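# Got a predicted structure here, sequence first:
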Amino acid sequence: MKKFLCVALFAAAVSMMLAGCSGSKDEGGGGGGGSESRVCTISSLSLEAKDNPEMGSSSYGYINDNLIYLTIPEKSPAIKYVLTFNNGTGSKLYADGQEIVSGQTAIELEKVKELKSVAPAGNSLTYDIIVKRGISSIDKIVYELMTTYKVPGVSVSVSKDEQLVYSAGYGYANRDTKERVTSKTLFRLASMSKSQTAIAIMTLIEQGKLRITDQVFGKGGVLEYLGTEGLIPGATSISIQQCLEHMSGFRYTNDDDPMFPGTSAYINKYDNKSVEERIKSIITTEKITGTNEYYYDNANFAILGLVIEKVSGMKYEDYMKKYVWGPAGVTDIHVGRTNKSDKYPNETIYYPQNSSSGYGNDFNVIYALGGLIASTDELMKLMATVDYGTKVPDILKPETLDLMYEPSKYYSRYAKGWRVGHPNFPQWASYHTGNLSGTATMWVRGANGVNCVIVCNSRSYFTANSFLSIKNVDIDDALFYALRDIHRYSW
């Protein structure tokens, strides 16, 4: 497990060349000249137990460019703490304007917002510092995720036997205003939304308004209103279950996704169309290659969103509030909004890392397949109502939960809106991930009563050389390994 951003070699090289501090916040032109060092990069920062005996153990800072993350043990009674740091020989460090000496000066660290490192030559570097209380061994997993994949903000919540045992926000919900993430901050869930759509379908089955074997399209189908003429071969055979299990069999030109914008000639024909128009076009112009093969298809859950609205006579979000979120005691899960200017007041900003936009998807189209937003605390509250637990009443009967979590006959690792049976994580009873530009998410229902969720407000598109000592890991796999280690903690 790494404890510091690996900048020491860079700092040493700069020192040898007597070069100036690097970075966009380099301040000052020097003044001293001659042989005076210009090195002032903070290469390490920590809270050592020998200098802070109330902590019980040391805690190490993670340096992410000009941002430092640091955790104080949540039960530490102290108000003032002594930092140990290395910022270059002869350089001075100021905490919100107060000079501090490594290993000596006690400061009210939780109030500090900024560290300024000044080299002997007079030039300087400024760092934001985010100090939080928490469990250091858990937080360092998140800090490594953030520093490795350049994620500005993360939220994590964990429940044990349906009781929240840990929740924390990390980094910034808004980098410009420096608004910090909390466990109440709303994040886009992306495809984690599918699990909630599946829960809603199960409530309709329990109400006797829907059967899992019901036909979806054509005469007598749930969505007969989309039309009965000119349907592609096989369309009238598609059932609710096949949509839930990604077994509908739809195939698209160039394997493009009709629910999301793109640049190819195929995908463009769906742009600026409603979800109903897109589904109608699929069932009249595309093809079905067979319904016994798993093929992850976002259109399946767009279809199920329309099913919920047709059968209930309610808008999707209204139905979720009345029959899913409300009975679970959840009040702060919503269908997200397309534009940044329309975001919820307590919602994070999304930061894409490639040429795409964090606000390029139409939430009027993707609401049932990837359009929900929620806080991690609310997600753990909802998970407690679909986990067979006894402390919090489930909103579905055990036999209905069995049906929802039953693996597909044709693909053992997907049930109905939930992934199951991961060979490398047998301690997970069910889970789902989420992927949108500017968004990376995952939640897990543990077989041992431990449930957990992690959400990020950015998504990288590179493979890291190492994460948690594992080689060649992209951010999707990183979420698996992060939740693996969080789940393994002795809760």
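That came through fine. Numbering: from 1, shown residues only.
# C-alpha only now, for contacts and for neighbours.
Noted.
# Which strand or helix spans His432?
According to DSSP states H and E, His432 maps onto strand 428-436.
# what about the helix or strand just after that strand, average pLDDT?
With elements assigned by DSSP H and E, the helix or strand that comes after strand 428-436 is strand 439-446. Averaged across strand 439-446, the pLDDT comes to 98.
# Now do the following helix or strand past strand 439-446: which elements does it pack against?
Heading C-terminal from strand 439-446, the first helix or strand you meet, by DSSP H and E, is strand 450-456. With contacts taken as 3 or more C-alpha pairs under 8 Å, 6 or more residues apart in numbering; DSSP states H and E, strand 450-456 sits against strand 153-160, helix 376-383, strand 439-446, helix 475-488.
# which parts of the second one are buried?
Going back to what we said before, that points to helix 376-383. Buried residues in helix 376-383, counted by 16 or more other C-alpha atoms under 10 Å: 376-383.
# just to revisit the earlier point, of all the helices and strands packed on strand 450-456, which lies closest to Glu276?
strand 439-446 (25.7 Å; C-alpha to C-alpha).
# Which neighbouring elements make contact with that closest one?
Short answer (3+ C-alpha pairs under 8 Å, 6+ apart): strand 439-446 packs on strand 428-436, strand 450-456, strand 458-459, helix 475-488.
# where does the stretch 201-350 of the chain have low pLDDT?
Within the stretch 201-350 of the chain, the segments meeting pLDDT under 70 span 263-268.
# Which residue ranges of it form strands?
Under the criterion DSSP state E, counting those that start in this stretch, strands of the stretch 201-350 of the chain are mapped to 250-251, 287-288, 334-335.
# I'd like those as CSV, with mean neighbour count and distance to Gln241 appended.
Putting the strands of the stretch 201-350 of the chain into CSV (neighbours: other C-alpha atoms under 10 Å; distance: least, C-alpha to C-alpha, whole Å) gives the following:
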stretch, mean neighbour count, distance to Gln241
strand 250-251, 20, 14
strand 287-288, 18, 16
strand 334-335, 20, 24
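# Make TSV out of the ones you listed and add distance to Pro398.
As requested, the strands of the stretch 201-350 of the chain are exported to TSV (distance: least, C-alpha to C-alpha, whole Å):
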stretch	distance to Pro398
strand 250-251	32
strand 287-288	34
strand 334-335	26
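# Any idea which of these gets closest to Asp271?
The nearest among these, by C-alpha to C-alpha, is strand 250-251 at 18.0 Å.
# Determine which stretch of the helices and strands packed on strand 439-446 is the most buried.
Mean neighbours per residue, mean count of other C-alpha atoms under 10 Å, is largest over those for strand 450-456, with a mean of 28.
# quick one: strands adjacent to that strand?
strand 153-160 (antiparallel), strand 439-446 (antiparallel) (DSSP bridges).
# angle of that strand against helix 475-488?
150 degrees (axes from the mean of the first three to the mean of the last three C-alpha atoms, to 10 degrees).
# Which residues does strand 450-456 contact?
Strand 450-456 is contacted from outside by 151-162, 187, 189, 376, 379-380, 383, 438-446, 479, 483, 486-487, 491, using C-alpha atoms under 8 Å, 6 or more residues apart in numbering.
# Including distance to Ala121, could the helices and strands packed on strand 450-456 go into CSV?
Shown next, in CSV, are the helices and strands packed on strand 450-456 (distance: least, C-alpha to C-alpha, whole Å):
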stretch, distance to Ala121
strand 153-160, 35
helix 376-383, 47
strand 439-446, 42
helix 475-488, 40
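# between those, which one is nearest to Val365?
Using C-alpha to C-alpha, these put strand 439-446 closest to Val365, at 17.4 Å.
# Just the angle for that closest one relative to helix 376-383, thanks.
Going by the same axes, to 10 degrees, strand 439-446 makes 40 degrees with helix 376-383.
# hmm, back to that, to Gln215, which of the strands paired with strand 450-456 lies closest?
Among these, strand 439-446 sits nearest to Gln215 (C-alpha to C-alpha), with 30.4 Å.
# In CSV, list the strands paired with strand 450-456 along with mean neighbour count and distance to Asn424.
Output for the strands paired with strand 450-456, formatted as CSV (neighbours: other C-alpha under 10 Å; distance: least, C-alpha to C-alpha, whole Å):
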stretch, mean neighbour count, distance to Asn424
strand 153-160, 26, 21
strand 439-446, 25, 14
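# is it possible to export those to TSV including distance to Gly221?
As requested, the strands paired with strand 450-456 are exported to TSV (distance: least, C-alpha to C-alpha, whole Å):
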stretch	distance to Gly221
strand 153-160	41
strand 439-446	33
